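A.B. asks: Here is my input; please provide its structure:
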Amino acid sequence: MELLFDQAFAFTTADVRKNILLPFRARRDYDRLVLHLHYGPKAIRDPEIIAPQIRKCVETYFPAGYELTEEDMKEYGQLLNFVTLSLDKDGAYVGCAHRHPPEQTLVISERGSSWGFAPAAATAGAWRVVLHVQAVVAGTVDYRLQVFGMERGERDDAIPAL
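C.D. replies: Reported below is the predicted structural model:
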């Protein structure tokens, strides 16, 4: 197992709708790449924070004159921070993970890749992760990404927890 990339980030509301380009290089071929990510907090439940944001969304996206009731507000118990990831190799798109779990382990290999990614050989060359900051509700979202080059027989569960 070889650590190819390891970086931490702190995203704020100023980062929403930004794409963060993260190039890294594999100096040799591997059996597979394993991308391990974690971010948080995932859910924001503080009514003082989320209520104004929900009201603003209703004003923007609901028909004019729509009024939120207290019952409506009870349905919105939380808002979610959301950061997604795409991957390419030597400029060719490999795939994306646009899903909500705040901790993910993604595998890229010629034999088969994680859902959302094409099967791709984990060969030497220029790779690039693109983080898409979809939503930061309030405060800071801490994010960490690690990329490992793995050999056949090495277990993915040997990767240290973030």
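A.B. asks: Quick check: which ranges of this structure have low pLDDT?
C.D. replies: 158-162 (pLDDT under 70).
A.B. asks: What are the buried residues along the longest helix seen in it?
C.D. replies: When the chain is parsed with DSSP state H, its longest helix is helix 47-61. The neighbour-count check on helix 47-61 (16 or more other C-beta atoms under 10 Å) flags 50, 54 as buried. The way it works is simple: take the backbone N, C-alpha and C, and place the C-beta from them, glycine included.
A.B. asks: which other helices and strands contact it?
C.D. replies: helix 70-75, strand 79-80 (3 or more C-beta pairs under 8 Å, 6 or more residues apart in numbering; DSSP states H and E).
A.B. asks: Report how many residues lie close to A135.
C.D. replies: 17 (other C-beta atoms under 10 Å).
A.B. asks: how close does the residue of the chain most remote from its centre sit to V58?
C.D. replies: Distance from the centre of the chain peaks at G65, with 36.0 Å (C-alpha atoms, centre = their mean). Note on G65: its distance to V58, by C-beta to C-beta, to the nearest Å, is 11 Å.
A.B. asks: same check, this time on L145
C.D. replies: 34 Å.
A.B. asks: Next: V130.
C.D. replies: Taking C-beta to C-beta, one finds V130 at 31 Å from V58.
A.B. asks: Also A121?
C.D. replies: 48 Å.
A.B. asks: can you check L80 too?
C.D. replies: 17 Å.
A.B. asks: which residues touch Q53?
C.D. replies: 79, 137 (C-beta atoms under 8 Å, 6 or more residues apart in numbering).
A.B. asks: looking just at contacts, which helices and strands does the strand or helix carrying D142 meet?
C.D. replies: In the assignment (DSSP states H and E), D142 maps to strand 141-150. Applying 3+ C-beta pairs under 8 Å, 6+ apart, we find strand 141-150 packed against strand 2-11, strand 19-26, strand 32-40, strand 82-89, strand 125-135.
A.B. asks: pretty sure V83 is touching D142, no?
C.D. replies: No: counting by C-beta atoms under 8 Å, V83 does not reach D142; the two are 10.3 Å apart.
A.B. asks: Looking at these two, which is more packed in?
C.D. replies: Comparing V83 with D142 by other C-beta under 10 Å, the one with more neighbours is V83, at 24 against 14.
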